[in-house]
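**Student:** no sequence on this one, just coordinates:
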């Protein structure tokens, strides 16, 4: 495309949540005119763009009409109408990531087949069209059943420990996957521009809290052996190249107790596992996504310091107008960066914001992150 | 004030230029609802706030009515109607910086008198009401005549070398000031919150280009002797405390060839000499201003790395719809951060954006800044 992207280029974003919001914070630096489509009239991006349209992201006509008004379309959520995106591509609207990439990633079954076809290590799996078929599953118990479509943040996932669990399994197109007793969840975000330039962010680790049975926070950069870091980053780069994606690709992986890396899932957009890059890396994931889709040279993705990212989730006992407790106490600490997402209403486990802690000393950053987690509460 | 600043606090900003724009980029993280008043219907903040109102900043009624709709007012330009701000303060609207501080700083004559009363070193001066009175000036030639009000970016300043220059001097309230043959222009930005907590950013140096007779760029942090840095920072802190300002205060100073520090001018708001803090320091000046006016704990202002800031000025030979040349080439370099201000039209020397270069190596950062300066052109 012409390189007059700044000033008069109209960029449409499908989805107006926190990812769109942080993308706008960065796009402001390049004079990009932003239009947003989101079903929620109170979406976090509402007041921060040139044009905000309320409408369904899965409706063909809505997405198509929205796309006809912009020069380039991108996404901050992959659950969008891909048929409309394909028609828009045919009619000359630039769609990055490409419609075919979004279609593949929307379907966890197609993702798994893609991994297999491209020799990308992943847990053994089988595809099923309904609950009844699950009886034919050859994977030994325990295994995981995942909906092929529309699962997110742990939804659409079901653990099958024995035959008796089958009665409550999802009755929809799904895949089953061998239960991985992993050592660690790790992730790499990679960017690719239309010139084919590819750049990976350093590997990050998720810190698991066994008591709460939840990912507690994310640590960047990883201190796993260099060989593992390299293997994970090369794997992410290979996937971006195999897909020929333009834009960001988040690659979530398991590190097994035998130091094997298995790819779990992909997301073709800025991702929760990259929020720390805003303060922690030389280039943020949001800046990198813009560079990639505008076919600009990619930025240096190196870490500037240790960073720990904590999600601010709605407290499990509250629902209603959000109130943030403990923010002031936390802002008195050094190297603490608060990002609220502008969501009016909280509900249990809703992502209301995040905090990044940076420190030269990794252990101090982790310690402070624990304090953040124990201090800030999102209630109503 | 109540500490429920996030979520429902309505912050009004007088002025919707680049300073307001970068303040909004930061305010997004705290869920602050922003209203902007600016005379220009196409101001850089136009599309980025909850409410954008077109109106005169110097008109009493306009500023008063605007202020009645918000909980707190701040400024990004000091040329505003202070009578309206005083009335708003009386009626319970929080105005930070305070109206009395803005009134003092608006008038360079009052600034000078304030320096004198508070033992703040500054160049010798005299006040005059008209051109005719200038004959009584006791300061030896050459001296500088400055308009007491409304001068900015070098406007409103006139050098008087001999008697014959008096004919073209300003015929308005002015001050004359001894000509300072300074070694360097330096600046410190300091923040003070309502609890009285004060924090200074590290001293920065302006690099002067003798050929162009212009400040070429800004370097942070300074490499001047520690004693000088401390003296400058303590001086800035003293001024903030003497003024009892709440918010940011930019203190521009001269370092003389005899290592004397003379305070030149104050600005009670985010300032051009603090743009490098976005990437170069642990806390940016914009984040610090919000912390100060919301009476939150101030952030750590230390430098994270060497940073050089270059203003992107409209080319002297062009006027019209802005076109940016050379951006892509510059974005291929490491550690280069482009900030465009969203101004549709360029004119000679208009501030259209800035670029910050960061590097562990100070000389490399300066070298790259020179390249930026020679590569990017804002034409029409």
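**Tutor:** Nice, thanks for sending it over. Just so it is clear, the structure is predicted and the values come from calculations on it, not from any experiment.
**Student:** give me the neighbour count for the nearest residue to residue A:329 once chain neighbours are set aside.
**Tutor:** The shortest distance from residue A:329 to any non-neighbouring residue, by Cβ to Cβ, 6 or more residues apart in numbering or on different chains, is to residue A:375 (5.5 Å). (Glycine included, C-beta is placed from N, CA and C.) Here the number of neighbours of residue A:375 (other Cβ atoms under 10 Å in any protein chain shown) works out to 15.
**Student:** who are the contact partners of residue A:375?
**Tutor:** Counting by Cβ atoms under 8 Å, 6 or more residues apart in numbering or on different chains, residue A:375 touches A:326, A:329, A:330.
**Student:** what's the distance between the first one and residue A:315?
**Tutor:** In this case it means residue A:326. Residue A:326 sits 11 Å away from residue A:315 when distances are taken as Cβ to Cβ, to the nearest Å.
**Student:** so which of these two has more stuff around it?
**Tutor:** Remark: of residue A:326 and residue A:315, residue A:315 carries more neighbours, 21 against 14, as counted by other Cβ under 10 Å.
**Student:** picking up where we left off before, helices - which of the contacts of residue A:375 land there?
**Tutor:** A:329, A:330 (DSSP state H).
**Student:** which residues does the residue of the stretch 51-200 of chain A at minimum distance from chain B form a beta bridge with?
**Tutor:** Nearest to chain B in the stretch 51-200 of chain A, going by Cβ to the nearest Cβ, is residue A:51, at a distance of 8.7 Å. Note on residue A:51: beta-bridge partners by DSSP bridges are residue A:35.
**Student:** am I right that it is in contact with residue A:36?
**Tutor:** Yes: here residue A:51 reaches residue A:36: they are 7.1 Å apart, a contact under Cβ atoms under 8 Å.
**Student:** who's more crowded, these two?
**Tutor:** Neighbours per residue, other Cβ under 10 Å: of residue A:51 and residue A:36, the larger number sits with residue A:36, 28 against 15.
**Student:** how about the residues of the stretch 201-350 of chain A near chain B?
**Tutor:** Counting by Cβ under 8 Å from any Cβ of the partner chain, the positions of the stretch 201-350 of chain A adjacent to chain B are A:282, A:291, A:296-297, A:299-300, A:304-305, A:321-324, A:327-328, A:331-332, A:334-335, A:337-342, A:344.
**Student:** buried subset of these?
**Tutor:** A:282, A:291, A:296-297, A:299, A:304-305, A:322, A:324, A:327-328, A:331, A:335, A:337-342 (16 or more other Cβ atoms under 10 Å in any protein chain shown).
**Student:** which stretches of the stretch 1-150 of chain A aren't confidently modelled?
**Tutor:** By pLDDT under 70, the low-scoring segments of the stretch 1-150 of chain A are A:1-7.
**Student:** that older thread, ok, the residue of the stretch 51-200 of chain A closest to chain B - contacts?
**Tutor:** Residues near residue A:51 by Cβ under 8 Å, 6+ apart: A:34, A:35, A:36, A:69.
**Student:** can you report how many residues neighbour the residue lying closest to the last one once chain neighbours are set aside?
**Tutor:** It refers to residue A:69. The shortest distance from residue A:69 to any non-neighbouring residue, by Cβ to Cβ, 6+ apart, is to residue A:35 (6.6 Å). When counting by other Cβ under 10 Å, one arrives at 21 neighbours for residue A:35.
**Student:** would you confirm that residue A:35 contacts residue A:55?
**Tutor:** No: at 11.5 Å, residue A:35 and residue A:55 do not qualify as touching, with contact defined as Cβ under 8 Å.
**Student:** list residues touching both of the two?
**Tutor:** Here residue A:35 and residue A:55 have residue A:66 as joint contacts, going by Cβ under 8 Å, 6+ apart.
**Student:** anything in contact with each of residue A:326 and residue A:315?
**Tutor:** Among the neighbours of residue A:326, those also in contact with residue A:315 (Cβ under 8 Å, 6+ apart) are residue A:377.
**Student:** and chain A, what are its domain boundaries?
**Tutor:** A:10-95, A:124-178, A:182-379 (automatic domain parsing).
**Student:** ends of the first one, how far apart?
**Tutor:** The first and last residues of domain A:10-95 sit 12 Å apart, counting by Cα to Cα, to the nearest Å.
**Student:** what does the longest one give?
**Tutor:** Domain A:182-379 has its terminal residues 33 Å apart, counting by Cα to Cα.
**Student:** same question for it, mean pLDDT?
**Tutor:** Average pLDDT, domain A:182-379: 95.
**Student:** so how far is it off the chain centroid?
**Tutor:** Distance of domain A:182-379 from its chain centroid, counting by Cα atoms, centre = their mean, to the nearest Å, is 9 Å.
**Student:** list the contacts of residue A:143.
**Tutor:** For residue A:143, the contact set (Cβ under 8 Å, 6+ apart) comprises A:137, A:159, A:160, A:176, A:177, A:178, A:179.
**Student:** which of those residues ranks first by neighbour count?
**Tutor:** residue A:176 (24 neighbours).
**Student:** helix/strand/coil for it?
**Tutor:** Reduced to three states with DSSP: H, G, I helix; E, B strand; the rest coil, the structure at residue A:176 is strand.
**Student:** can you show me the helices along the stretch 101-250 of chain A?
**Tutor:** Remark: helices assigned in the stretch 101-250 of chain A by DSSP state H, counting those that start in this stretch are A:108-117, A:226-243.
**Student:** quick one: those helices as a markdown table, columns for mean neighbour count and distance to residue A:192 too.
**Tutor:** Output for the helices of the stretch 101-250 of chain A, formatted as a markdown table (neighbours: other Cβ atoms under 10 Å in any protein chain shown; distance: least, Cβ to Cβ, whole Å):
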| stretch | mean neighbour count | distance to residue A:192 |
| --- | --- | --- |
| helix A:108-117 | 18 | 16 |
| helix A:226-243 | 18 | 5 |
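**Student:** out of the contacts of residue A:375, which comes closest to residue A:253?
**Tutor:** Taking Cβ to Cβ as the measure, residue A:253 sits nearest to residue A:330 out of these, at 30.7 Å.
**Student:** could you verify my assumption that the closest one touches residue A:353?
**Tutor:** No: using Cβ under 8 Å, residue A:330 makes no contact with residue A:353, being 11.4 Å away.
**Student:** common neighbours of these two, please.
**Tutor:** Common neighbours of residue A:330 and residue A:353, counting by Cβ under 8 Å, 6+ apart, are residue A:338.
**Student:** neighbour-wise, which of the two wins?
**Tutor:** Between residue A:330 and residue A:353, residue A:353 has the larger neighbour count (other Cβ under 10 Å), namely 25 against 21.
**Student:** touching, that one and residue A:314? I think so.
**Tutor:** No: counting by Cβ under 8 Å, residue A:353 stays clear of residue A:314, with 10.0 Å between them.
**Student:** so how far does stretch A:345-354 reach from one end to the other?
**Tutor:** One end of stretch A:345-354 sits 16 Å from the other (Cα to Cα).
**Student:** burial count for residue A:180?
**Tutor:** 18.
**Student:** look up how far residue A:168 lies from it.
**Tutor:** 22 Å.
**Student:** now stretch A:99-113: how far from the chain's centre is it?
**Tutor:** 15 Å.
**Student:** which residues sit against that stretch?
**Tutor:** A:75, A:78-80, A:82, A:85-86, A:88-89, A:114, A:122, A:125, A:127, A:146-149, A:151, A:173-175, A:177, A:243-245, A:265-268.
**Student:** buried subset of these?
**Tutor:** Neighbour-count burial (16+ other Cβ under 10 Å) is assigned, among those, to A:75, A:78, A:80, A:82, A:85-86, A:88-89, A:114, A:122, A:125, A:127, A:146-148, A:151, A:173-175, A:177, A:243, A:245, A:265-268.
**Student:** let's see which of the residues you listed end up in strands.
**Tutor:** A:75, A:125, A:127, A:146, A:147, A:174, A:175, A:177, A:265, A:266, A:267 (DSSP state E).
**Student:** quick one: the strands in the stretch 201-350 of chain A, in order.
**Tutor:** Using DSSP state E, counting those that start in this stretch, the strands of the stretch 201-350 of chain A run over residues A:204-209, A:214-220, A:247-256, A:261-267, A:306-313, A:320-321, A:323-325, A:336-340, A:345-346.
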